[in-house]
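Asker: Just need the structure, nothing else, for what follows:
(one chain, ligands or ions: 1)
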Amino acid sequence: MLSVEPTKIPDAKVITPGRLSDSRGYFSEVFHKQHFAEAGIAADFVQDNCSLSASAGTVRGLHFQAEPFAQAKLIRVVRGSILDVVVDIRRSSPTYGKHVAVELSAENGRQMFVPIGFAHGFCTLEPNTEVHYKVSSYYSAAHDHGLLWDDPALEIEWPIEPSRAVLSDKDRHQPKLAELPVYFS
Ligand SMILES: Cc1cn([C@H]2C[C@H](O)[C@@H](COP(=O)(O)OP(=O)(O)O[C@H]3O[C@@H](C)C(=O)[C@@H](O)[C@H]3O)O2)c(=O)[nH]c1=O
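Answerer: Presented below is the predicted three-dimensional model:
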């Protein structure tokens, strides 16, 4: 059993797999290729990633890989919680530059499907938050790109003041939307 919540950007989807509870706890099929495909999430995932962020207020992103290594992603949280954000960077999309922001947590079991053509990032809401995700193309450092997380043009309401965010050096210096070359037409 799988529930799919619509978002204001139709290709970006929030999925919640069902949980079967008993006296021990619960069991959940967190990925089922056929059921996810039936729910409109058809991607051939080839790599699973895991990141641990020690502090609340850690921001990773906004990231994407260019073709031919462009990635769809399926994001979930196994410990703690995040505000997960996807930004449409498909230049001819009616929702170009728009975003969807959703709280994902170990407790709520929600997953974000990030389609190809979107930049993705998150802010951790708790210490020691562990994020697991599947990607549909292998990592390629040469094709790895970013978009500035707090670019005002994106109008993202991050749950942290910019000066207090824990960031990589790379993410402090990403280009703004207006400076981004066309990676996805
Ligand atoms: C993403 C990635 C990184 N790495 C390496 C590169 C670097 O040495 C180290 C840390 O990489 P980063 O700083 O890019 O890690 P991080 O900032 O966690 O990057 C991730 O952010 C989230 C928001 C995403 O959407 C992911 O696709 C990915 O871009 O891990 C891999 O070996 N394989 C991978 O697939």
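
Asker: Skip the chain neighbours and tell me the closest residue to the one residue sitting closest to the centre of the chain.
Answerer: Among the residues of the chain, His120 comes closest to the average C-alpha position under Cα atoms, centre = their mean, at 4.5 Å. Sequence neighbours aside, Val114 is the residue nearest to His120 in space, at 4.7 Å (criterion: Cβ to Cβ, 6 or more residues apart in numbering). All C-beta spots, glycine's among them, are computed from the backbone N, C-alpha and C.

Asker: beta partners of that neighbour?
Answerer: On the basis of DSSP bridges, Val114 is bridged to Lys73.

Asker: my read: it touches Lys73, true?
Answerer: Yes: here Val114 reaches Lys73: they are 4.0 Å apart, a contact under Cβ atoms under 8 Å.

Asker: looking at this, Ala153 is in a helix?
Answerer: Yes: assigned with DSSP: H, G, I helix; E, B strand; the rest coil, Ala153 falls within a helix.

Asker: Model confidence for the closest residue to it other than its chain neighbours, exactly?
Answerer: Excluding the flanking residues, the one nearest Ala153 by Cβ to Cβ, 6+ apart is Leu177, at 5.0 Å. Looking at Leu177, its pLDDT is 98.

Asker: now do Pro6
Answerer: Here the pLDDT value assigned to Pro6 is 84.

Asker: Around the closest residue to it other than its chain neighbours, how many other residues sit close by?
Answerer: Leaving aside its chain neighbours, Pro6 sits nearest to Lys13 (7.6 Å; criterion: Cβ to Cβ, 6+ apart). Residues contacting Lys13 under the criterion other Cβ atoms under 10 Å number 22.

Asker: who in the protein is up against the ligand?
Answerer: Neighbours of the ligand within the chain, by Cβ under 6 Å from any ligand atom: Asn49, Ser51, Arg60, Gly61, His63, Lys73, His120, Gly121, Phe122, Tyr139, Ser168.

Asker: got the phi/psi numbers for the third one?
Answerer: Read that as Arg60. Per-residue torsions, Arg60: phi -120, psi 130 (degrees, to the nearest 10).

Asker: Identify the residues contacting it.
Answerer: Ser51, Ser53, Gly121, Phe122, Ser168, Asp171 (Cβ atoms under 8 Å, 6 or more residues apart in numbering).
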